[in-house]
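Chemist: sequence unknown, structure follows:
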Ligand code: AMP
Ligand code: MG
């Protein structure tokens, strides 16, 4: 283990402004993490910045563009006040208990307070080996780092809870995956990267005092209302259950597949974390498997809500020594069954432009999804075309002709022709302007489709980072029109379906 003096020796000069680091996770103690230094990468260079995130963290943009900051966010230098560490956790992977895992290539630098006063953990991914690397090299490749960087920000702009990304640096240092690639480090930001697997770790190793310490840390830092409950730990489980249910509803409505919903990739704060073989659906195929390593389809798109519930049971099992009775833990998980469908219906109501609620709305949603599933209709384009058709009704008299562009998305038009009147009837009582506005704010024009990420990656591999920067900017306001980038709102090219995304990253 390292002491603070070690850090001071490697600390670089202060940036032009002082950063006030807090290290509350490090303060939990040696059972929770190993203090270590990142491993330097040779001749790092900037790949991408997220100035919006930098602004939220109060980071000076001139400093962020500097070589000094490039060294810091590659893990080659530390700033005074950082206490870098890798945390230990365990987890269930693909339904099996996997034992100890931990941050095998992620290194927490400390916490910074953002402009809203919220402390945010700053973590490097790909900054070298740790005691938890197992067989891994501690590195991340440019390809997967770009995907994580873009998707974190795309999800945030869609209003979906997620870890964020501040920047990416690269190095020509070779990294072996299926082929030889090069190294990159992505700097991730979240109030906490604590996972269900952290709790499983202390429960399975019988470290009851640490289990309680961790639960108290999470309650005090992130779920203070649980303290007021008769059983704060049961209330923590209930609160995480509700947040997870809401997250799943948001993923499903957005057509987002995570790809590796192991319990070590489930955030205790209900955030989307650990972007790997994720994918936004092109065509609406409910059974779509985005992860080529997932041969059984355990994490297929339509399995995600059930898997999240299964993962919550693992969390409940881990918290049991604190919760007390099994029945109490089961009762804390129960609200998932109502909150998930409620939140899903709410998300689809917004996509359909419905601002009031009717009992029959779920039928309208189910029937439209059935329509899309039948021909694997392009999911983002369907919703955006529908929104535009409704918006055009604001200007002219209601006519089904405005929906021709949507109708043209189907080969068999009869089911669509049957569905549309039911929908228009449901909309009839609404002011169309309000409906259209809601739809245009709920159905993005731009989605991080696999092929867009792939194109940005190919350019970045030849050191052209312009598409990455432009794509980030477009994805940060996905509901707006970006006339210069119309093509990115279009159908995926034929080769998109051939892209194979595996766990390899
Ligand atoms: P993931 O499926 O990416 O969430 O990874 C599962 C576990 O493997 C986590 O504990 C990671 O930190 C670890 N891991 C994945 N890739 C590497 C790598 N290249 N080097 C070290 N550890 C890794
Ligand atoms: Mg992970």
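Modeler: Sure, I can see it. What you see is a predicted model; the values in this text were computed from it and never measured. Ligands and ions are numbered 1, 2, ... in the order given.
Chemist: how about the strands in the stretch 151-300 of the chain?
Modeler: 164-176, 180-190, 256-257, 279-280 (DSSP state E, counting those that start in this stretch).
Chemist: Please apply the same query to the chain.
Modeler: Using DSSP state E, the strands of the chain run over 33-35, 45-49, 85-87, 90-93, 96-100, 106-113, 119-125, 140-141, 164-176, 180-190, 256-257, 279-280.
Chemist: Off-centre distance for the last one?
Modeler: Here the centre of mass of C-alpha atoms in strand 279-280, compared against the chain's by CA atoms, centre = their mean, to the nearest Å, lies 11 Å away.
Chemist: Which strands or helices does it pack on?
Modeler: In this structure, strand 279-280 packs against strand 256-257, with contacts taken as 3 or more CB pairs under 8 Å, 6 or more residues apart in numbering; DSSP states H and E. Using the backbone N, CA and C atoms, a C-beta is placed for each residue, glycine as well.
Chemist: roughly how far is the strand it packs on from the heart of the chain?
Modeler: 10 Å.
Chemist: Name the surrounding residues that touch it.
Modeler: Here strand 256-257 makes contact (CB atoms under 8 Å, 6 or more residues apart in numbering) with 155, 160, 250-251, 272, 278-281, 288-291, 299-301, 304.
Chemist: how about residue 297, phi and psi?
Modeler: Backbone torsions of residue 297, given as degrees, to the nearest 10, read phi 70, psi 30.
Chemist: got the contact list for it?
Modeler: 287, 289, 303.
Chemist: Can I get the strands of the stretch 151-300 of the chain in a markdown table including mean pLDDT and mean neighbour count?
Modeler: Shown next, in a markdown table, are the strands of the stretch 151-300 of the chain (pLDDT from 0 to 100; neighbours: other CB atoms under 10 Å):
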| stretch | mean pLDDT | mean neighbour count |
| --- | --- | --- |
| strand 164-176 | 98 | 21 |
| strand 180-190 | 98 | 23 |
| strand 256-257 | 98 | 26 |
| strand 279-280 | 98 | 23 |
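Chemist: Can you get me the start-to-end distance on stretch 266-284?
Modeler: 25 Å (CA to CA, to the nearest Å).
Chemist: Just the ones in helices from the contacts of strand 256-257, please.
Modeler: Counted as lying in helices by DSSP state H, out of the contacts of strand 256-257, are 155, 250, 251, 304.
Chemist: ok, so of these, who is nearest residue 447?
Modeler: Nearest to residue 447, judged by CB to CB, of these is residue 155 at 10.5 Å.
Chemist: List the residues that contact the closest one.
Modeler: 161, 162, 254, 256, 272.
Chemist: Next, find the distance separating it from ligand 1.
Modeler: Going from residue 155 to ligand 1 by CB to the nearest ligand atom, to the nearest Å gives 17 Å.
Chemist: re earlier: out of the ones in helices among the contacts of strand 256-257, who's nearest residue 322?
Modeler: Nearest to residue 322 among these, with distances taken as CB to CB, is residue 304, at 27.5 Å.
Chemist: Mind putting the contacts of residue 297 into a markdown table with distance to residue 324?
Modeler: Shown next, in a markdown table, are the contacts of residue 297 (distance: CB to CB, whole Å):
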| residue | distance to residue 324 |
| --- | --- |
| 287 | 40 |
| 289 | 39 |
| 303 | 31 |
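Chemist: Can you convert these into JSON lines and add a column each for distance to ligand 1 and neighbour count?
Modeler: Shown next, in JSON lines, are those (distance: CB to the nearest ligand atom, whole Å; neighbours: other CB atoms under 10 Å):
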{"residue": "287", "distance to ligand 1": "22", "neighbour count": "10"}
{"residue": "289", "distance to ligand 1": "16", "neighbour count": "20"}
{"residue": "303", "distance to ligand 1": "17", "neighbour count": "19"}
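Chemist: any chance of those in JSON lines, plus pLDDT and distance to residue 328?
Modeler: Formatted as JSON lines, the contacts of residue 297 follow (pLDDT from 0 to 100; distance: CB to CB, whole Å):
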{"residue": "287", "pLDDT": "98", "distance to residue 328": "36"}
{"residue": "289", "pLDDT": "97", "distance to residue 328": "36"}
{"residue": "303", "pLDDT": "98", "distance to residue 328": "28"}
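Chemist: ok, and the closest non-adjacent residue to residue 211?
Modeler: Leaving aside its sequence neighbours, residue 211 sits nearest to residue 202 (CB to CB, 6 or more residues apart in numbering; 3.9 Å).
Chemist: In contact with the one you found, which residues?
Modeler: By CB under 8 Å, 6+ apart, residue 202 lies in contact with 31, 208, 210, 211, 214, 318.
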